[in-house]
Each structure stands twice: as C-alpha cells, then as structure tokens.
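Student: Requesting a structural model of the entry that follows:
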Amino acid sequence: MDNEIVLSAKELYYLGKLMQARYIDYSYIAAMDDVGKNYSVFESESEKSLSDKGCIEEDFAGEKEVNPVLECLLEPVFFGEREVSVNVCTVGEEPVLNRLNFHFFEDNITAVDLSDDTLKLTAADDGMIRKSVHGILPENYSVECRKDVKVEKEMITRLIIVKSATVGKGSVIRKYIEADGIVFGESDSGLESMTKEMFVDEVYSLFKGGN
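Tutor: Numbering: from 1, shown residues only. As a prediction, the model looks like this:
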C-alpha cells in the first residue's frame, strides 16, 4: 500500500472505530448518513470495501486489523492534537471551495484533501507543506506591500482562510482576500497588500505553531 489513499466518509468512520480514534474531524463525516439506524449494514459494507482495497486484514483469531502502512497514515488524523486547515474559496456564480487539512502526530504528518466528495489522505512532510503554501499564489505573483488599502466587495475573486488549532490551546485564524490578482491581509491599520514573501512566511508560521 502506498502512502496515499482515497476513502469515503463511512470508511474513515469505520477505521476510526476500529482504531479507537481519539478525534475525528466532524467535517470529514458531516455528510454521512446516520449509521446507527442500520449499523450492521454499515459495518458489513465498510468491511468489504476496505478489505477489497487492502486496508484491513484478519488476524489468526479472526479479528479485523488495519494495514500497518495505513495505520501510520491514520494516526495523525485520529490521535494528533494539532491540525492546520487551508480553505480557498474561488468567488463566482458557482463558488469553488478547495479544502486541505494537515494533521500532526509525533513525527508524522497526514494531509487530507476534501476538494471533492471523497477524502484523499497523503503522507506529508515539511516540503509538501511549503509547496502547498507557495501553490496558493501564482508563480509569477509579484506585489509590493501597501497599507490601509480599500477593496470593493465586487472586486474580490478569492477568499483564503488558514486555521491552526491545538487541542487544549485554542486556535489561530488568518483571513485573506484576493482582488484583481492581489492578496490582502489584515493589519492594525486595516487591509494591506502582501508580497509573496509576507504571505508565505505568515501562513507557514501557522504550520510551525506560531500565531
């Protein structure tokens, strides 16, 4: 099994039960049907689909156990106490929302992409985080910093929200808007246009536990 897998909400929920998860991000299972109404069907369907994917196996006693590679991938999701989410909404007649979460547990990081109706889990590292942060802005993005800028609502093309949350310590949220190809962040004097370096450094600091 590779360090990447696509799961449905039900499959993730089943794996969480099997691994006795401490946490399950509600956004991953929010659209899931009420499995309590027919738990036996949910259980049998989940077991079959996960077995077909090689995600779960039976031991000699007939007990279900999670594939070791997948277990390492899931540990940050189910037991990590720190999560950073990046939500990018493209404004238009049909808004498009791209969502990417990073879960941290000990020395492991797992990224969860929620951009469609499935959950794509990928083993991540610092390099992937930096690439994801840089990828929010176009490669040719080049803007000078200007403070106390006024932006008309109809000019906004993207909303970018980055949230870093740690269990027992609360969360830090940074909000940005993009208008006419320029990203603006909040400052003490109002909105300010951000250079690429300013944006990347500020967002990346949230991944490293900064505020």
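
Student: how many neighbours does the nearest residue to Asp125 once chain neighbours are set aside have?
Tutor: Using Cβ to Cβ, 6 or more residues apart in numbering and skipping the chain neighbours, the partner closest in space to Asp125 is Ile109 (6.3 Å). For every residue, glycine as well, the C-beta is placed using N, CA and C. As a burial measure, Ile109 scores 21 neighbours (other Cβ atoms under 10 Å).

Student: With the one 3 residues further on instead?
Tutor: Using other Cβ under 10 Å as the criterion, Val112 is surrounded by 24 other residues.

Student: Next one: the residue nearest to Asp125 from Ile5, what distance?
Tutor: According to Cβ to Cβ, to the nearest Å, Ile109 and Ile5 sit 15 Å apart.

Student: re the thing from before, for beta bridges, what are the partners of the residue nearest to Asp125?
Tutor: For Ile109, the beta-bridge partners under DSSP bridges are Phe104, Ala124.

Student: Make residue 1 into 486 and carry on from there
Tutor: Right, with 486 as the first residue, what we last looked at is Ile594.

Student: which residues sit in contact with it?
Tutor: Ile594 makes contact with Pro561, Phe587, His588, Ala608, Ala609, Asp610, Met613, Ile614, according to Cβ atoms under 8 Å, 6 or more residues apart in numbering.

Student: Make TSV out of those residues and add pLDDT.
Tutor: Shown next, in TSV, are those (pLDDT from 0 to 100):
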residue	pLDDT
Pro561	97
Phe587	97
His588	97
Ala608	96
Ala609	96
Asp610	95
Met613	94
Ile614	95
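
Student: out of those, who's nearest Met683?
Tutor: Relative to Met683, the closest of the contacts of Ile594 is Ile614; by Cβ to Cβ it sits at 17.6 Å.

Student: Once you drop chain neighbours, what's closest to that closest one?
Tutor: Per Cβ to Cβ, 6+ apart, closest to Ile614 is Phe692, 5.3 Å.

Student: per-residue confidence for the one you found?
Tutor: For Phe692, the model assigns a pLDDT of 92.

Student: how far is the single longest helix found in the chain from where the chain is centred?
Tutor: With DSSP state H setting the assignment, residue counts place helix 524-537 as the longest helix in the chain. Relative to its chain's centre, helix 524-537 lies at 25 Å (Cα atoms, centre = their mean, to the nearest Å).

Student: go on, stretch 659-673?
Tutor: 21 Å.

Student: could I have it exported to PDB, CA atoms only?
Tutor: Taking Å, rounded to 0.1, in the frame of the first residue of the first chain, the C-alpha atoms of stretch 659-673 are listed here in PDB:
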ATOM      1  CA  ARG A 659      -5.800  34.200   9.400                       C
ATOM      2  CA  LYS A 660      -8.100  35.500   6.700                       C
ATOM      3  CA  TYR A 661      -7.100  36.900   3.300                       C
ATOM      4  CA  ILE A 662      -8.900  38.200   0.200                       C
ATOM      5  CA  GLU A 663      -7.700  38.300  -3.300                       C
ATOM      6  CA  ALA A 664      -8.800  41.100  -5.600                       C
ATOM      7  CA  ASP A 665      -7.500  42.000  -9.100                       C
ATOM      8  CA  GLY A 666      -4.800  39.400  -8.600                       C
ATOM      9  CA  ILE A 667      -3.500  40.900  -5.300                       C
ATOM     10  CA  VAL A 668      -3.800  39.200  -1.900                       C
ATOM     11  CA  PHE A 669      -4.700  41.400   1.000                       C
ATOM     12  CA  GLY A 670      -4.300  40.600   4.700                       C
ATOM     13  CA  GLU A 671      -5.400  42.200   7.900                       C
ATOM     14  CA  SER A 672      -3.100  44.600   9.800                       C
ATOM     15  CA  ASP A 673      -3.600  47.100  12.600                       C
END
